[in-house]
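> how would this look folded up:
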Amino acid sequence: MTPANTELQTHLQEYAKLIIRSGCNLQPGQELLLSCNIDVVEFARLLVAEAYAAGAKRVTVRFSDEQIVRMAYENVAIECFKEVPEWVALLNNSMARNGAAILRIESDDPQALEGIDPQKLAAQAVASHKACKEFYDAIDQGRLVWSIAGAASPAWARKVFPDMPEDQAVRSLWEAILKTVRVGGSDDAIVAWENHRTSFTRRSEWLNAQNFDSLHYQNSLGTDLTVGLNPKGIWKGGGDILTNGRPFFPNMPTEEIFTTPDRLRADGVVHSSMPLVHNGSIVEDFSVTFRDGQAVDCKARVGLDILKSIIETDADSNRLGECALVPWTSPIRQSGLLFYSTLYDENASCHLALGMGFPDCLEGGTEMSEDELKANGVNKSATHVDFMIGTKDLNITGHRPDGSEATIFQAGEWAGELV
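Numbers count the residues shown, from 1 in each chain. Coordinates of the predicted model:
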């Protein structure tokens with residue numbers, strides 16, 4: 001982390017407090033599992049200090065190093081990525097059992113794993129979900145707090161601000177990150193986020209009241225896609241709530257209202273509107289064609305092999321797990337920055353996700369078995385990859401079972417009653 005001036009340091013401490021108190025909503029006596037790269041160790045220390053100030057029973061930190069991770073993918077046989085070391089499964093599953101809060105700090109170089117065999121990355125994802133099933137089930141079923149936030153690293157900052165000296169680029173990235181999470185404004189950040197949470201209520205309630213059967217997406221890039229929705233589907237936004245009623249923020253920032261679509265109903269073609277950064281590689285200018293819910297074709301100017309590996313991760317990674325609505329004029333879009341990070345860029349654009357759906361976006365979904373969820377339209381996969389499709393001219397129409405319809409987005413913005 002670039003040495004900060006007094007004002008920036010104060011804002012970073014406020015940001016760390018926001019992540020722990022609002023993002024994780026850490027409770028006294030609760031454990032915290034923090035994962036981050038070694039290039040943001042100073043910010044990790046702020047987070048650990050805030051966690052103990054909040055009464056954490058214990059904080060466990062897992063550091064990683066992108067260069068060492070790359071060495072493993074370059075030198076280790078693919079067979080080794082098809083299994084997970086026992087200690088990793090024991091750590092993750094025991095954290096879930098103990099009700100720990102799970103926090104990940106993203107600071108990745110967007111191209112850290114460029115050129116790595118995507119099949120190794122896919123194998124690692126599948127193996128991890130199998131070995132750490134207890135951990136992922138607790139997250140997917142709304143029983144475990146998880147939160148993802150960003151921190152500025154030199155490699156990431158150089159990508160976002162390529163024309164600046166490194167120190168200036170890191171400082172500029174920190175300032176951009178802090179702005180996206182409402183730190184440094186006139187209001188206390190925690191209060192600002194509670195107000196942000198309530199701002200989603202009206203639109204979510206309207207969408208839930210419409211009983212839409214499908215959404216039709218169209219724009220000038222060539223997107224012409226119809227996505228089916230689940231009859232008992234739920235639109236959510238502005239954070240999440242555990243099954244025990246405890247609120248938290250899975251993503252910081254967040255500007256989306258989202259749901260889980262019917263895994264068996266997606267037809268047409270959708271074009272990307274922003275680059276997709278996935279496991280240290282970039283996919284650009286791509287499209288995906290769906291038929292009967294499955295991705296049956298894809299094209300990309302850059303990173304086609306990465307896109308194919310996402311779609312082919314497992315038996316159901318070629319189906320949709322999320323539809324998210326974000327207006328063209330979202331604060332992150334207005335920043336004018338391309339962050340090269342899905343955590344940020346997805347909050348600048350309407351997006352879809354291939355792979356895992358959300359059980360808590362289905363009425364009664366958190367109490368269903370995997371087979372029941374699939375029967376009710378919720379996809380199950382070892383991956384969940386968001387890709388951005390929003391444009392200034394994107395139109396989205398909601399169709400109801402009785403044949404009536406309503407405009408949800410007009411020219412990239414909320415329409416009608418949703419303005």
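> Next up, the contacts around the nearest residue to Asn208 once chain neighbours are set aside.
Excluding its sequence neighbours, the residue lying closest to Asn208 (Cβ to Cβ, 6 or more residues apart in numbering) is Trp235, at 5.2 Å. Where C-beta positions appear, they are placed from N, C-alpha and C, glycine not excepted. Contact analysis of Trp235 by Cβ atoms under 8 Å, 6 or more residues apart in numbering lists Ser204, Leu207, Asn208, Ile257, Phe258, Thr259, Cys361.
> Repeat the analysis, applying 7 Å as the threshold.
Ser204, Leu207, Asn208, Ile257, Thr259 (Cβ atoms under 7 Å, 6 or more residues apart in numbering).
> cool, Gly23 as well?
Gly23 neighbours (Cβ under 7 Å, 6+ apart): Ser147, Ala149, Phe248, Phe249, Met252.
> Check Arg263 too.
Gly293, Arg319, Leu320, Gly357, Gly377, Val378, Asn379.
> for Thr259, same thing?
By Cβ under 7 Å, 6+ apart, the contact set of Thr259 is Leu229, Gly233, Ile234, Trp235, Lys236, Cys323, Cys361.
> For it, give the beta-bridge partners.
Cys323 (DSSP bridges).
> I'd like the distance from it to Gly293, if you could.
Shown here: Thr259 relative to Gly293, a distance of 15 Å by Cβ to Cβ, to the nearest Å.
> try Gln218
Applying Cβ to Cβ, the value for Gln218 to Gly293 is 19 Å.
> When the two are compared, which one has more neighbours?
Ranked by neighbour count (other Cβ atoms under 10 Å), Gln218 and Gly293 place Gly293 first, with 21 against 17.
> Give the closest residue to Ile396 in space, chain neighbours not counted.
Closest to Ile396 by Cβ to Cβ, 6+ apart is Phe409, at 3.9 Å.
> Ok, Ile408 next?
Nearest non-adjacent residue to Ile408 (Cβ to Cβ, 6+ apart): Ile396, at 4.5 Å.
> residues contacting that neighbour?
By Cβ under 7 Å, 6+ apart, the neighbours of Ile396 are Leu215, His216, Tyr217, Ile408, Phe409.
> if we go to 10 Å?
Applying Cβ atoms under 10 Å, 6 or more residues apart in numbering to Ile396 gives the contacts 215-219, 225, 227, 323, 325, 350, 390, 406-410, 412, 414-415.
> follow-up on the earlier one: surely the residue nearest to Ile396 and Ser349 touch.
No: if you go by Cβ atoms under 10 Å, Phe409 and Ser349 don't touch, sitting 11.6 Å apart.
> Can you work out which residues contact both of these two?
Joint contacts of Phe409 and Ser349 (Cβ under 10 Å, 6+ apart) are Val326, Pro327, Trp328, Gly390, Leu394.
> Just name the closest of these to Glu114, please.
Among the shared contacts of Phe409 and Ser349, Gly390 lies closest to Glu114 (Cβ to Cβ), at 25.5 Å.
> Just read off the phi/psi values of that closest one.
Main-chain dihedrals, Gly390, degrees, to the nearest 10: phi -70, psi 140.
> Give the burial count for it, as a bare number.
26.
> Give me the pLDDT value at it.
At Gly390, the pLDDT value in this model is 97.
> could you pull out the strands for the stretch 151-300 of the chain?
214-218, 224-229, 236-237, 240-241, 247-248, 251-252, 257-259, 261-271, 276-278, 281-291, 294-302 (DSSP state E, counting those that start in this stretch).
> circling back: filter the contacts of Gly23 down to the buried ones.
Ser147, Ala149, Phe248, Phe249, Met252 (16 or more other Cβ atoms under 10 Å).
> For those, work out which two are farthest apart.
Greatest spatial distance among those (Cβ to Cβ): Ala149 and Phe248, at 11.9 Å.
> Now for these two: what residues contact both?
Gly23, Cys24.
> low pLDDT regions in the protein?
Low-confidence segments of the chain (pLDDT under 70): 1-4.
> center of it, which residue is that?
Of all residues in the chain, the one closest to the mean position by Cα atoms, centre = their mean is Leu343, 5.2 Å from it.
> how close does that one sit to Leu354?
For Leu343, the distance to Leu354 - Cβ to Cβ - is 17 Å.
> got it, and Ser214?
Ser214 is 18 Å from Leu354, by Cβ to Cβ.
> Stretch 402-409: which residues count as buried?
Ala406, Ile408, Phe409.
> Is it possible to get the residues you listed out as a markdown table so that each row also shows secondary structure and distance to Ser107?
Listed next are the buried residues of stretch 402-409 as a markdown table, based on DSSP: H, G, I helix; E, B strand; the rest coil; distance: Cβ to Cβ, whole Å:
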| residue | secondary structure | distance to Ser107 |
| --- | --- | --- |
| Ala406 | strand | 41 |
| Ile408 | strand | 35 |
| Phe409 | strand | 32 |
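> before we move on, the earlier item: out of the strands of the stretch 151-300 of the chain, which comes closest to Arg104?
Nearest of the strands of the stretch 151-300 of the chain to Arg104, taken as Cβ to Cβ: strand 251-252 at 10.4 Å.
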